[in-house]
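[1] Quick one: sequence plus predicted model below, questions after.
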Amino acid sequence: MINDAAFSDPARERRIFAGRLLISVFLVLVTGLVVMARYVDLQITRHKDFATHSDNNRVHVRPTPPSRGLIYDHNGELLADNRPIYILTIVRERSDNLDQLLAAIGRLIDISENDIKRFKKRLKRRKPYEQTPLKYDLTERERGILAVNGYLLDGAEVSARLMRFYPNGELFGHVIGYVGRINERESQTIDSVKYSGTDSIGKTGLEKFYEPQLLGEVGSEHVETNARGRVMRVLDNIDPQPGNNLTLYLDSHLQRVAHKAFKNERGALVAIDVKTGGILAMVSAPGYDPNLFTSGISQRNYDSLLNSPDRPLFDRAIRGQYPPGSTIKPLFGLIGLHSNTITMDYAIDDPGFFVMEGIERPWRDHNSKRGGHGKGVDLAEAIIESCDVFFYKMSIKTGIDLLSNYSEKFGLGQTTGIDLPGERPGIMPSKQWKKGARGQSWFNGDTINTSIGQGFMLATPLQLAVMSARIASRGKMVTPKLVKSINGETLESNKITEPLAINSEHWDYVHKAMKDVVHSTRGTAKGISKGLSYKIAGKTGTAQVISIKAEEEYDSSRIDKSQWDHALFVAFAPAEDPQIAIGLIVENGEHGSSAAAPIARLVIDVYMNSNTASHQTAVAEVIN
Amino acid sequence: MLRNDFVRRMESPGGDKRRSRSLHIDLPLLFILISLCGVGLLVLYSASEQNLFYVKRQALLMLVGFGAMFGVAQFPMRFWERWSFVFYGIGLMSLLAVLFFGVGAKGAQRWLDLGFTRFQPSELMKVAVPMMVSAYLGKRYIPPTFSHVIMVLIITFIPVLLIVRQPDLGTALLIFASGFFVIFLAGLHKRYLLTAFLLALAAIPILWIFVMRDYQKQRVLTLLSPEDDKLGAGWNIIQSTTAIGSGGWSGKGWTLGTQSQLNFLPESHTDFIIAVLAEEFGLIGVMTLCALYALLIGRCMVIALNSQSQFSRLIAGSLSLTFFTYVFVNMSMVSGILPVVGVPLPFISYGGTAIVTLFLGFGILMAISTEPKRIRIDL
């Protein structure tokens, strides 16, 4: 390329340069304006969006869990408490390397493999940015170590939490139940807002039934966090509303005595305030310690509870269904009187067995030596001595329909409506029931079996207690209730409907017969009358676990204890002005008179606050 | 118009001006630089979470920088023209040394460990390459001929390729740009420009497939849709645009930017520092900084226009445009219109070698500005 100005021409060089510089200035201005436009766009046009985004970045709403309502017994003793514990939590999103973080924590404090296993399980079920607990109940030393090394542990945080604590351990395990971590199924049904600060929920017992009242209202806290999720300051907060406190009818002293009275036996006892229907004591033995469940029970502990032959997790008081045996006799006798099937003078001759026309196999009297109760056995005697043949004969006259219909009014064959979840209804058999459940028609033999509380008939200890309370109150249909008041406000008293219209002579008659079960020399429960300063009315019962052939004698020494008869007892006291009614069963206890009645006596004694020497020694004997 | 003003001012004798001339200090340039450094330290204090350690170190480096600038300004342009190939040579040697003995981090090998300090040869090349190209073209007539263009390409591409190998694509592109600015200002013919443009287009897929590493590609992809990977590669750009946008007109106040103070903003005291300024001082702050940059670049261009030799002109023009490129690239990448490349914001970002190199460049500009007049300019 030939250039005219081969030799330096400063002016031309300048001109070329100036031209190019001008182009450059133009380009600089254009690109500069593009950048400026971008900043104007971000800072002015889209400012609001980014301001919001920036606030969302730093300001987080943290739910503050309410403290769960407390549960007190009748006298104000605390049965369910909230105890502050310190837990180590991890927010997955805040940690760059979870395994490294876990390893770092493991070097500082003791973290078991089990902790990590359970943590990883929880990690799968958490919400984003949720604090996932790694270790519960940190010691003061562990908290100190974690606080000092906190800067190394991004994503980990120690926080205080209230944890449910049951001071009485297994004493109220079945009644109060326990809270546990919300599981997947529950998390789909609960209101996630209400539970946003809480990771536990009532699983069984009162904790479950009164969950909405106990929960309280979640509060919130606006906190400013840095990019690592560490809380820098609290901007604003709404206090949570604590849950409502429950006060029960339960008397923890009575409960303790009843619980101890079972010693190593399996069984259940329910004591009811006759006037109000309030549950005074409710025991299912053996019990379990609900505290095991509050922070997640270990598989080993759970297996041992689940696989124990004594089935400690099974609430026998409301879910155990047993043949009521002879405890049903006063009720059936009352029905017989009321329906005019029999009169107070009606008497039979008891040869010790009963033969139905057309049926070869005779019905034996279980409660008497061969030879029977003799001649002239009336209803009173049949109750006092527990004569089966009387009821066999009577039931054929009344028929199953009458027995069944009236029994339901006394709480049998249907749930009682107690404020606990999972109550079972038992079975009060009837023609209709048999058709539906078994697809068979009813035979007279079924009526005869039912007449002594055997056969198809089943009842829970709670139902037996309700039955005896309704007999005691002369037909007042009180509903059993555990909770007396919520936050000091007494619940609207159980609706007392019109008492059953039954002739008071009949009531007197049955009450007297039941009193004589304990207080007459021929009564089956006369063993507990010693030293009583008041009168107890009751009825013993024995329920067969296996069927014994008619011609064979039941002999406990020849069979395994798990097949021994169940011992039952229903009672109320004082007989003249009933205040407390009891239903109880001792599984495989053999005889209501020897195994069950003494427990009832002890509980009633404590309730009546008797000061007799015999009472005190008896109580002391049981408790120690 | 601007030019006439400048001419008039140069003609009017003034005592101070004369003294500053003899000390080789360009007062307007000095004033702007001091202002920028002040703004830089102010923002850095906030960006480093009120950590005086960074501020003190940066201030010390700035002092070293000012010293270096005054030192450089004392040498006449003839000296720089004559010795430019030596500096270029030293730069090349040290780049080669980096290739074999270099140290670095995150898979990149960019530094030479001199025992007492670390030194980044590619920084030196930011001045040495345009100086070498200017020196080469300064002796030749312009516009450059084909063989001159080839020569300039060779001078430019040797260091550029060495730096790409480190790898440091951002710096390599900026150094290439500084060489290109020289030949562009020297009047490179339009057809070369067109060819270069087409070649550049053609090079994009080649770069993408053969040269760029995965993380570099990722940055480009992230720019296109940062929301795809909110917690990963997109995090930086989402947080920086949020910081800028939430600043609004007047900002959240000094040291009160939540994005930067609560660590949402990455690299807040180095490459992303403009986001801190934008968040805390708002658009007003950004505009003020841009005005300072505009004054600085304008002043540099005036110096270039009035310089005494071809060499001076070319290097002054190239340095001004390179400086603008730094500002442009940094502000664009932080605000999400260019992919994230490691380019600091001049005088504001915290960083060792880079700040000293900047001052070296302005030392050259001061030397040009205070050269004795050989001819009177009259256009």
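    Yep, that arrived.
[2] Using PDB, list the CA coordinates for stretch A:221-232.
    C-alpha atoms of stretch A:221-232 as PDB (Å, rounded to 0.1, in the frame of the first residue of the first chain):
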ATOM      1  CA  GLU A 221     -41.000 -14.100  65.200                       C
ATOM      2  CA  HIS A 222     -39.600 -12.000  62.300                       C
ATOM      3  CA  VAL A 223     -35.900 -12.500  62.500                       C
ATOM      4  CA  GLU A 224     -33.100 -11.100  60.400                       C
ATOM      5  CA  THR A 225     -30.700 -13.800  59.300                       C
ATOM      6  CA  ASN A 226     -27.400 -13.700  57.500                       C
ATOM      7  CA  ALA A 227     -26.800 -15.700  54.300                       C
ATOM      8  CA  ARG A 228     -25.700 -18.600  56.600                       C
ATOM      9  CA  GLY A 229     -29.000 -18.600  58.400                       C
ATOM     10  CA  ARG A 230     -27.600 -17.300  61.700                       C
ATOM     11  CA  VAL A 231     -30.100 -15.100  63.400                       C
ATOM     12  CA  MET A 232     -28.700 -11.600  63.800                       C
END
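[3] and stretch A:153-164, which residues are buried?
    Buried positions in stretch A:153-164, judged by neighbour count with 16 or more other CB atoms under 10 Å in any protein chain shown: A:153-158, A:161-164. C-beta here means a position set from N, CA and C on the backbone, and glycine is covered the same way.
[4] how about the residues you listed, which pair is most distant?
    Greatest spatial distance in those: A:Asp154 and A:Arg164, 30.9 Å, computed using CB to CB.
[5] can you tell me the helix or strand for A:Leu568?
    strand A:566-573 (DSSP states H and E).
[6] what's the average pLDDT for the helix or strand following that strand?
    With elements assigned by DSSP H and E, the helix or strand that comes after strand A:566-573 is strand A:580-586. Strand A:580-586 carries an average pLDDT of 94.
[7] ok, strand A:580-586: who's next to it in the sheet?
    Sheet pairing of strand A:580-586 (DSSP bridges) gives strand A:267-273 (antiparallel), strand A:566-573 (antiparallel).
[8] Pick the most deeply packed of those.
    Highest mean neighbour count among the strands paired with strand A:580-586 (mean count of other CB atoms under 10 Å in any protein chain shown): strand A:566-573, with a mean of 31.
[9] hmm, back to that, CSV for the strands paired with strand A:580-586, including mean pLDDT and distance to B:Ala59?
    Shown next, in CSV, are the strands paired with strand A:580-586 (pLDDT from 0 to 100; distance: least, CB to CB, whole Å):
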stretch, mean pLDDT, distance to B:Ala59
strand A:267-273, 94, 83
strand A:566-573, 92, 92
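[10] Same list (the ones you listed) but as JSON lines, adding distance to B:Val286.
    What follows is the strands paired with strand A:580-586, written out as JSON lines (distance: least, CB to CB, whole Å):
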{"stretch": "strand A:267-273", "distance to B:Val286": "78"}
{"stretch": "strand A:566-573", "distance to B:Val286": "87"}
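[11] mind checking which of the ones you listed is nearest A:Pro286?
    Here strand A:267-273 is closest among those (CB to CB), at 9.4 Å.
[12] Can you name the element that comes right after that closest one?
    Counting by DSSP H and E, the next helix or strand C-terminal to strand A:267-273 is strand A:279-285.
[13] what about the very next helix or strand once past that next one, average pLDDT?
    As assigned by DSSP H and E, the chain's next helix or strand after strand A:279-285 is helix A:291-294. Mean pLDDT, helix A:291-294: 88.
[14] wait, doesn't B:Leu265 sit right on B:Leu277?
    No: checked against CB atoms under 8 Å, the pair B:Leu265 and B:Leu277 is beyond contact range at 11.3 Å.
[15] how close does A:Asp349 get to chain B?
    92 Å (CB to the nearest CB, to the nearest Å).
[16] Surely that residue is in a helix?
    No: A:Asp349 is assigned strand when assessed by DSSP: H, G, I helix; E, B strand; the rest coil, not a helix.
[17] roughly how far apart are it and A:Ile342?
    As judged by CB to CB, to the nearest Å, A:Asp349 and A:Ile342 stand 15 Å apart.
[18] what about the strands in chain B?
    B:103-105, B:108-113, B:118-119 (DSSP state E).
[19] can you tell me the average pLDDT over the first one?
    Same thing as strand B:103-105. Mean predicted lDDT for strand B:103-105 stands at 70.
[20] Then the last one?
    Strand B:118-119 carries an average pLDDT of 76.
[21] And for the longest one?
    Mean per-residue pLDDT for strand B:108-113: 76.
[22] Quick check: which helices or strands does that strand pack against?
    Here strand B:108-113 touches helix B:77-101, strand B:103-105, strand B:118-119, going by 3 or more CB pairs under 8 Å, 6 or more residues apart in numbering or on different chains; DSSP states H and E.
[23] in that strand, what's buried?
    Using 16+ other CB under 10 Å as the test for burial, strand B:108-113 gives B:109-112.
[24] Burial check on B:Gln50, number of neighbours?
    11 (other CB atoms under 10 Å in any protein chain shown).
[25] dump the residue contacts of it.
    B:Thr255 (CB atoms under 8 Å, 6 or more residues apart in numbering or on different chains).
[26] what bits of the stretch 51-200 of chain B have low per-residue confidence?
    Filtered on pLDDT under 70, the stretch 51-200 of chain B yields the residue ranges B:105-108, B:115-116.
[27] that older thread, which one, of the strands paired with strand A:580-586, ends up nearest to A:Thr524?
    Comparing the strands paired with strand A:580-586 against A:Thr524 with CB to CB, the closest turns out to be strand A:566-573 (9.7 Å).
[28] related to what we said a few turns ago, which one of A:Asp349 and A:Ile342 is surrounded by more residues?
    Neighbours per residue, other CB under 10 Å: of A:Asp349 and A:Ile342, the larger number sits with A:Ile342, 22 against 12.
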